[in-house]
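J.: Predicted model follows, preceded by the sequence.
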Amino acid sequence: MGSFTETYSGGTPSADNSKYYGGDIPFIRSAEINLDKTKLYLTEAGLNNSSAKLVAVGDILYAMYGATSGEVGVSRINGAINQAILAIKPTQNDDPQFIMQWLRNQKEHIVNIYLQGGQGNLSGTIVKKLEIETPVENSEELRIGIISQSLDNLITVNQRKNFYHLLC
């Protein structure tokens with residue numbers, strides 16, 4: 001994956017400095033990679049005085065630490081990330097949705113190989129070495145990504161519908 005993507009992780013501003021928090025920059029943590037809002041917000045000072053890095057809508061976000069290891073999503077907001085998230089950006093014309101769906105489908109395999117014995121940590125180095133086969137045509141990759149996303153959405157809607165019926 002490292003041959004056709006750019007990857008980086010962020011950092012966390014010092015919690016001891018109240019001037020770093022309460023601003024208008026969403027601070028995305030690993031449990032929030034699939035959400036369209038966050039609970040914490042950074043100030044410009046918090047961003048500039050830490051290793052936090054900015055991501056944009058459409059960037060792939062990959063959780064590397066703890067209970068969320070291996071979770072993946074495509075960012076729904078512009079914001080900053082901490083060290084527990086790896087941002088993945090295709091450097092060629094590869095479809096982020098295709099890459100995200102591939103990572104999601106490979107989660108169990110990746111976790112079983114690299115996180116043996118419970119909660120471990122993934123790393124950017126591990127992710128860059130993952131071998132992903134992409135279609136020759138980018139249009140095929142795009143179609144696969146769209147179909148996979150549509151199936152995920154359909155599954156989510158049906159799960160919510162079933163949960164609602166259980167409550168009633």
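T.: Yes, it's here.
J.: okay, CA-based contacts and neighbour counts for the rest of this
T.: Fine.
J.: residues contacting the residue sitting nearest the centre point of the chain?
T.: With distances taken as CA atoms, centre = their mean, the residue of the chain nearest its centroid is Leu61 (1.8 Å). For Leu61, the contact set (CA atoms under 8 Å, 6 or more residues apart in numbering) comprises Ile33, Val72, Gly73, Val74, Ser75, Ile85, Leu86, Ala87, Ile88.
J.: pLDDT score for the residue nearest to it when sequence neighbours are not counted?
T.: Leaving aside its sequence neighbours, Leu61 sits nearest to Ala87 (CA to CA, 6 or more residues apart in numbering; 4.9 Å). Listed pLDDT for Ala87 reads 97.
J.: Also Asn105?
T.: 89.
J.: if I look at it, how far off is Gly70?
T.: Look at Asn105 and Gly70: by CA to CA, to the nearest Å, they are 10 Å apart.
J.: Could you check which of these two has the larger neighbour count?
T.: Taking other CA atoms under 10 Å, Asn105 and Gly70 do not tie; Gly70 has more neighbours (24 against 13).
J.: Tell me where this protein has strands.
T.: 5-9, 21-28, 40-42, 53-55, 60-63, 72-74, 79-81, 85-90 (DSSP state E).
J.: picking that back up, list the beta-bridge partners for the residue nearest to the centre of the chain.
T.: In this entry, Leu61 is beta-bridged to Gly73, Ala87, by DSSP bridges.
J.: Distance-wise, check it relative to Asp24.
T.: To Asp24, Leu61 is 20 Å away according to CA to CA.
J.: Poorly predicted segments of this structure, please.
T.: Residue ranges of the chain with pLDDT under 70: 116-120, 135-168.
J.: quick one, helices of it?
T.: 44-48, 96-105, 107-114, 124-129, 138-167 (DSSP state H).
J.: distance of Asn93 from Ile99?
T.: Taking CA to CA, one finds Asn93 at 12 Å from Ile99.
J.: for His109, same thing?
T.: From His109 to Ile99 the distance is 15 Å (CA to CA).
J.: what does Asn48 give?
T.: Here the distance between Asn48 and Ile99 works out to 30 Å (CA to CA).
J.: When those two are compared, which one has more neighbours?
T.: Neighbour count, other CA under 10 Å: between Asn48 and Ile99, Ile99 has more, with 26 against 13.
J.: gap between that one and Ala45?
T.: As for Ile99, its distance to Ala45 is 33 Å (criterion: CA to CA).
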